[in-house]
Structures are given as structure tokens and as C-alpha cells.
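In: could you look at this predicted model? Sequence included:
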2 protein chains.
Amino acid sequence: MKQIATQLKPFFEPRSVAIIGAPLRMGEVTLDIADTLLRLGYEGTIYPVYPQQGEVCGIKVFPCLKEVPGKIDLAVISTRRMTVPGLVRECVERGIKAITITGQGFADAEDEEGRRLQDDIVRIARQGEARIVGPNSIGTANPFFNFSTSFATPIDMEKLPIGLVCQSGMFFGNFQGIKFLGKGIDLGNACDVDLADCLEFFAQDEDIRVIVLHIEGASEGKRFLETAARVAKNKPIIALKTGRSELGAIRVRSHTGSLVGKGEVWDAALRQNGIIHAGGIEEMGDLVNAFLTLPLMKGRGVGVLSFSGGLGVLTLDACERFGLRATELLPTTQQKLEAMYPSWFGVGNPVDIWPAMIVSGLPHSEVLYRGLEALLSDAGVDAALVIAAAWMEILSPSVSDVISKAAAAFPDKPVAWWPYEGWVKAIPVARLEEKLRKVGGVGIFRTPERAINALSKLAQYWEYLERN
Amino acid sequence: MKQIATQLKPFFEPRSVAIIGAPLRMGEVTLDIADTLLRLGYEGTIYPVYPQQGEVCGIKVFPCLKEVPGKIDLAVISTRRMTVPGLVRECVERGIKAITITGQGFADAEDEEGRRLQDDIVRIARQGEARIVGPNSIGTANPFFNFSTSFATPIDMEKLPIGLVCQSGMFFGNFQGIKFLGKGIDLGNACDVDLADCLEFFAQDEDIRVIVLHIEGASEGKRFLETAARVAKNKPIIALKTGRSELGAIRVRSHTGSLVGKGEVWDAALRQNGIIHAGGIEEMGDLVNAFLTLPLMKGRGVGVLSFSGGLGVLTLDACERFGLRATELLPTTQQKLEAMYPSWFGVGNPVDIWPAMIVSGLPHSEVLYRGLEALLSDAGVDAALVIAAAWMEILSPSVSDVISKAAAAFPDKPVAWWPYEGWVKAIPVARLEEKLRKVGGVGIFRTPERAINALSKLAQYWEYLERN
């Protein structure tokens, strides 16, 4: 285990890196690994091994690996496929122990040649006890070390405590504000370094609190699942399994050359081994958000506080769908709430807070706080969801301050908030997210369905920990 | 039918409106219908009937309805429940034919009194042949007439060709950029004006191209479904049915007092009658976007063009889930595509366009155009989905221009685009949406799953029209 972590370290924290290949150009954009590293502020030594002479971005270019003077922790090979086995041999002869191969046309190709080349590479590397990431990979990224082998520049990195393992470099990117990077590794065809290796690495990495997997397939499924089950006892693992459909599985073979199984088999295997399954990119984003922001949910009862009866009803449908239940409130909770309502109003869960705001005579923020406090102090409520429009941030104290205060008083119960825009031009939700990210303890979600789903996964993971 | 449209017209285009009640205050925000109307630029006559003396927003206040001098097209009653039957009687005696009741505590209340008051109101209104919207309703909104009875100010209205019928005024609002208003009516408890009436109204309204329903329940289910089946032959109807869970159904009774049925029964009934079912707010937004932007999908074959093999695989899983299929490409299509690829690459659908961009030597925009044109000209491709990062907008010509050009050449086939942010800090997707909204013909979606789902509903509706 320790050994694997040591072997993978140069992919994330190399003191020196050789970039073998040539910069790409896309229209006006230059896609160059050396350039990316300089922009990121990488402090190690860069050795570009390029066909052109002279300098690239002010760094001396070497015509071949042999002429590079110093020790090389990591080599990144970005050349046409026929040249790769020879270059891997040169790396091995120089004693390089970490090699990333970005090019395509190996097990991902249609022809026999691709598979043969990939087998050659693995054989040569094993002779020299070198580890390989790829081929068909964007490599690694580590914002804690100002390092990335991505050719995209400027790549948008942030020191998030997320360990990302993917089989498409696209997951290094953003999806309309959803980020999975953190430290990242793209396995590509995964000819050598694989899912289980990366789980070992991130399990021991103190910068990482949540592990995120994009899985197309795994050649050593049993080892992967055993490793995951062990690691999941200490850190949550969230997985998006793609290539679920029959046709998807065929295309995966041509994308990364992996073996894949049926969607349902994967779902069951992941769940049994404590891995939290995400059905799509947005869901994976929601789950990362939940696990980074909120405490686990220690039961399946939800209390909902809504500014709109109609929107509250949506959450009940979602509870049924995702296996949570709206808690039947204790008599004491009921009494606290009823004190703020007109006598004819049937107070229940979801708590429709609007009539209380109109009728109680109390300041609006006070009604909100009392309602939320009543719910969270109910022993049957394991998590709360607040449905309050973003524009209510202008109340004094603001909605976000009220929710944060209530959440802070109950640190063992997750509190989620759906700040829809509503009638009035809104406070941007991104600003609320930014604010609450600093305060902590409250998770913002984009729909009540997505909030309830995320809470259900916090409950599922807690149940896994209890069983093990 | 014609008669119903005439009866409902004063709720959307009143030349004069009496506002009976008092402005609400929420912290620093005044929530006042008269103020909303002035800000909207409403050109009819406003008669505030308020307890306070003098003027409100520069308009003369009347102490009671009797003292209002002119003809009143619409009365809005926002007073405590006990006073409402008497006020409805006054309206009827003045010959007012359209009355909106915003207050709560009627069939939505827990007590007998609420139900009795609502029955009284209906009886009195029928005596005077007046129609009632509500109670427990925010009323109506019509940006084409600068009119709304919403107390929220400034309400964000836009002349969208959407007819919205809801049972919670919250749907007049925005949900992080998703808008359903258009012209809107909140049925509230629906004591008189109901779903079927509104379908008749919007069916005949030339400003409206798509009808959107938020349904908690319907008291006259048969009449509603028959009306919907007839209207759906001319305009698409998209419905979000809430209160699906057992508990949700109970809460709906206390929210609007409606009768509700089991979720599955509703799903089947909606589908049989040509109504497009949305499972949540985001999905409803996607479907509105699709039906407003795109032609119908006349078959179930999708062609996918992706800048990333890994992201392309996601769409296949989505196709299987939503009942579409990735078309097996014709030999001629295959040949057109293969001309741009290295020989070892297995070209298929989804088309992974990245290797062609790197290898073909053609300008990147040209590769994209040729790929998309090849897909759309394939007889088995009924719709195309493009997966290309938003930052590729900087190519020349831009990605959005290339996609628009290809879509314009095939006006009978819907073209969807998922512009994820990707590695590089992105062009905001909202800007792309704004641009393409003007150009038309290309729909932007936030995930490939959501794009495929929306396309599947365009196919489902086309099949309904073919059968009828």
C-alpha cells in the first residue's frame, strides 16, 4: 500500500519533468504542457524535448532525452504511437520511474497494431520497474504543487480536498461551475496504473477528504472493489459509472479499451462495497458538495421548512423517490410551530412558513429561525431542507445568516438550502454559495429533488459505516 | 370554448382593476399589487380599496368598493377570510364578472369554516355569473399587457410565448434562470376557474405556443383530460404533476384542497392524452426550452458529435434510459467522416471529433462543420447532439456559428448543444444561450442526459400527432 503511494508520488509532485513531444495549436490557442506549467507557477525543473531548436517559453529545448542533463522524476510522452515504445525504453534506460503517455492509437484503436504497441510499452516499463499512466491520458493535476501535465492552458485548478480518478481528461474541467479537481489523475487506457492504485494513493493523502471516480471499466474488478471497500471506511468514494448501455459498452472499448460490465451489476457491486453511485455529472457534483460541506445524516427523517406550500410538496415526492421520509413531528415541535400560525392552519412537515410570516407579527427572520430550530431540535429529524428564495437574503438578519446560525447549533445534522430565484430578480446563487462555503455547515442545492437525493446519500454512507 | 376564453380575458387584459386589501410589508420590501402594476407600466385604471386614507403610489385610495366611480373589469380581493364572501357579494352587485381571491384559509384550511366560506363564495359568484380565480392564489400575469396581480415587486416578466397554469404562485418566478412565465395564472384552490378552462383560453391565444401546467390535483379529471387531448393536437402541453407520494397527496389537500391521484395513474393518463410529463422543475425548463427552440424529432435516431470520447459515452447511457438510439451510420456518412481520421481510428456514433481535429490538417471549425453536416444528412439521424466546450467559441468561425449554420441547413431536425465549461475558464453559457436564442434552431442544455431527455420528448410528441 505504502509502496504504491511512493510509486505514484512523482506523477503528482515531480521535482523535474521531461516533456517529450510538441506543443499543439488550436486556432489562436496554444496547448502546451511547458506553457501550462509556467503559468501554474510550477517550481520544479522543466525539460522540453521538442523537435524544434532553441527555447520554448524561455526554457531551453533539448533535441532528445539523452541530452537532458539532470535527474528526471517524471516523463510525459506526447508523440505519435509508433515512436512511443522506443521512448519508453529510453526513459527506462535513464532510470525514470514515472511515465505519462498522452497519445492515442493504442488499446483504444481499431487495429491489432495498437494493442501490440500498448503491450510492448507495458513490458518495457516493467523491466525497468517504471509505472505508466495512460496511454490516451491527459495525465495528472495537483494544485497543491502547482503542477499539471494538462496541455490546456490556463487550466482552472483550486486546492479542493477532492481526489479525482477518471478515464477521460474532460473531468479535469468544469461543468458550469461543477468542479471535481482537486488532485486529479486520468487513467486513459489504464495499461498499468489503475483505479485500485489511485484509491490507495488518495486514501493516504492528507490533502484529500473525498474521492471521486469516473469509471468506464476496470480490468481487475475484484481488486478494485476490495480496495474500495477498505478505503471507503475512512473516506467517502463517489463514482460515476459510464458505458452502462450495451452500445455504450462497445464504444468504451474503442475509447479506452477497457472491459465493462452491465450497469446493474456495477450498481450492486459499488453499493455493496460502500461506494456512493452517481447517475450523472450534475448528481456527482451535488454529492461532492454534500460530502465536503455537510455532516453525515444519521437516520432517514427529513424536516422541510418552505416559504411555499407548493414547493414543499415537491420535496415529499423526492423523499419517496430517494428513500427518505418526512418526519412526523413530535408534539413539542408541533406546539412550538403552531404558536406562530393562525388557528385554522394545519401545521405539518413540510412546514409552510409563509402564513406564519404574514400572521405571527414576529420579524420574518425570527419566524424562519424559530421554525428551523424547532425542526432541528426534533429527535426524529435527521436533516433539514430549507426552501427560501435567494432574494430573501435582503432580510435582516439575512436568510443565509439565519440558516447558518441554526445549522451551527446542530452540528451533527446536515442542513440543505434550495435558494430558488423566485419572483424578484435574484441575489446570484453563486454569491450565496461563496458566502456559505466560508461559513460552512450549510449545503446549497439547485432543486429540492437534488437536495433530497444528496441527503439520502449522506444517510446511505452513514449506514455503510455503521455496518462495518 | 369561445365563451370560456371571453370569460377569462379580464383576468389577463383588464382595462380597470380594483385592488381590495392592504399592501404587505416584508422587512424593507413592500409587496403591493398597485405598486407592481405601476412599475410594470400597466395602462388601465387602478382603484385601490384600502383601509388607509389618501393616496398609495400617487393613486387615490377608496375606502370601499361602493365609492369606486368607473366600471371594474377585475377585482382582486386580498383580505382576511371572514370578509371575503361579503366582498364577493359587493362585486357581484356591481356587475363585476372577474374576481381573483389571494387570501388563504379556505378549502386549504384544516377547519370546517374554510370549506364553508369557499362554498359560499362560489355560490354568490355563480348567482352573478362572475368567474373566480383562487382563493389562495397570486392571480394572473401578462407581460403582453404589462399586467400582473402579483404582490411581488418588481416581478420579472418577459414576453415569452408560454401559457403557464399553476397551483402555486411560485411558478411565476424564476428558478436559477428557468422561466415559465409567459402569461400565467395561479389557480390556487381552483374553486371555480380550473385547468380545463385555462387550456381552452391558451389554446385560442395567438401569443402562446407552448402550454405549461403545474398540477397538484384536478377535481374534474375527465373534463381536464378530454380538453387536454384536444388542445394537444395543436399546441404542446408540458405538465409537472406534484403530490405524487402518499404523504405529498395529503399535504396537497392542505395546500390547495385539491383531490389527487396516485403518481403512476397520472403519468399514464397524461401520456395517453398527449401531455408531455416533466419529473421536476429543471426537466420542465428543459422541455419548454426544447419545444420553443427546436423542430419536432421525427424518429428516434440520434447522431452525437463529441469533442471527448468519454463524454460521448454518457449520451449512449442516456439514450438507453430515455428510449432513443444512437443511429448506426450509413456507409456514405461513415466514408465522409473517415476521410478526416487516422487510419487506425474506429469512427462510429458518437463521433469523437478530437482525433480528426488533431490529425486532419483542416481548420478546427471546418472539421466540426463537416462532421455535423455528415451526421445531419444521414437519413437515420433524426436529431443531433453536439458536445463541445464553451471556450471553443473563440475558434473562427465560432462553435455557435458553425452549429447554427449546420442546423439551418437541416431545419426539420433538432440540433442540441451541450457547452460544458471544460478545462479553460469559460465563455458564460448564458451568453451563448442569449446568442442562439436570437439565431434560433439550436437548443442549449446543461448536461447530455438532459439534452437526450428533451429530444426524446420531441419524438414522443411527434408520435402523438402522427397517431391523431
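Out: Looks like it arrived, so ask away.
In: please name the nearest non-neighbouring residue to residue A:214.
Out: Using Cβ to Cβ, 6 or more residues apart in numbering or on different chains and skipping residues adjacent in sequence, the residue nearest residue A:214 is residue A:166, 3.8 Å away. All C-beta spots, glycine's among them, are computed from the backbone N, C-alpha and C.
In: ok, now residue A:64?
Out: In space, residue A:64 is closest to residue A:49, 6.4 Å off (Cβ to Cβ, 6+ apart).
In: try residue A:428
Out: residue A:390 (7.6 Å).
In: show me what contacts that neighbour?
Out: A:419, A:420, A:421, A:422, A:426, A:427, A:428, A:429, A:432 (Cβ atoms under 8 Å, 6 or more residues apart in numbering or on different chains).
In: confidence score at it?
Out: Here, the pLDDT recorded for residue A:390 equals 87.
In: phi, psi of it?
Out: Here is the backbone geometry of residue A:390 (degrees, to the nearest 10): phi -60, psi -30.
In: what's the neighbour count on residue A:100?
Out: Neighbour count for residue A:100, taken as other Cβ atoms under 10 Å in any protein chain shown: 30.
In: how close does residue A:59 sit to chain B?
Out: Applying Cβ to the nearest Cβ, to the nearest Å, the value for residue A:59 to chain B is 22 Å.
In: nope, residue A:156 is what I was after
Out: In terms of Cβ to the nearest Cβ, residue A:156 sits 6 Å off from chain B.
In: quick check, pLDDT for that residue.
Out: 77.
In: list the buried residues for the helix ranked longest in chain A?
Out: Of all segments of type helix in chain A, defined using DSSP state H, the longest is helix A:448-467. Using 16 or more other Cβ atoms under 10 Å in any protein chain shown as the test for burial, helix A:448-467 gives A:448-464.
In: do that helix and chain B meet at all?
Out: Yes - for helix A:448-467, a contact with chain B is found by Cβ under 8 Å from any Cβ of the partner chain, at residue A:449.
In: show me how far that helix is from its chain's centre.
Out: Computed by Cα atoms, centre = their mean, to the nearest Å, the chain-centroid distance of helix A:448-467 equals 16 Å.
In: show me the helices in the stretch 351-468 of chain A, by range?
Out: Taking DSSP state H, counting those that start in this stretch, the helices of the stretch 351-468 of chain A run over residues A:354-359, A:364-376, A:399-409, A:429-439, A:448-467.
In: pull out the buried residues from the contacts of residue A:390.
Out: A:419, A:420, A:421, A:422, A:426, A:427, A:429, A:432.
In: pLDDT for the residues you listed - can I get that in CSV?
Out: Formatted as CSV, the buried ones among the contacts of residue A:390 follow (pLDDT from 0 to 100):
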residue, pLDDT
A:419, 92
A:420, 87
A:421, 81
A:422, 77
A:426, 64
A:427, 75
A:429, 80
A:432, 85
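In: just checking, residue A:171 touches residue A:184?
Out: Yes - assessed by Cβ atoms under 8 Å, residue A:171 is found in contact with residue A:184 at 7.2 Å.
In: for those two, list the residues in contact with both.
Out: By Cβ under 8 Å, 6+ apart, the residues touching both residue A:171 and residue A:184 are residue A:164.
In: mind listing what the residue nearest to the spatial centre of chain A touches?
Out: Chain A has residue A:180 as the residue nearest its centroid, 3.4 Å off, counting by Cα atoms, centre = their mean. Applying Cβ under 8 Å, 6+ apart to residue A:180 gives the contacts A:162, A:164, A:166, A:171, A:172, A:212, A:214, A:284, A:285, A:288.
In: among these, which are in helices?
Out: Counting by DSSP H, the contacts of residue A:180 contribute A:284, A:285, A:288 to helices.
In: let's have these in JSON lines, adding distance to residue B:298, neighbour count and pLDDT.
Out: What follows is these, written out as JSON lines (distance: Cβ to Cβ, whole Å; neighbours: other Cβ atoms under 10 Å in any protein chain shown; pLDDT from 0 to 100):
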{"residue": "A:284", "distance to residue B:298": "34", "neighbour count": "23", "pLDDT": "96"}
{"residue": "A:285", "distance to residue B:298": "34", "neighbour count": "25", "pLDDT": "96"}
{"residue": "A:288", "distance to residue B:298": "39", "neighbour count": "25", "pLDDT": "97"}
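In: save these as TSV, and put in distance to residue A:413 too.
Out: Listed next are the ones in helices among the contacts of residue A:180 as TSV, based on distance: Cβ to Cβ, whole Å:
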residue	distance to residue A:413
A:284	24
A:285	23
A:288	20
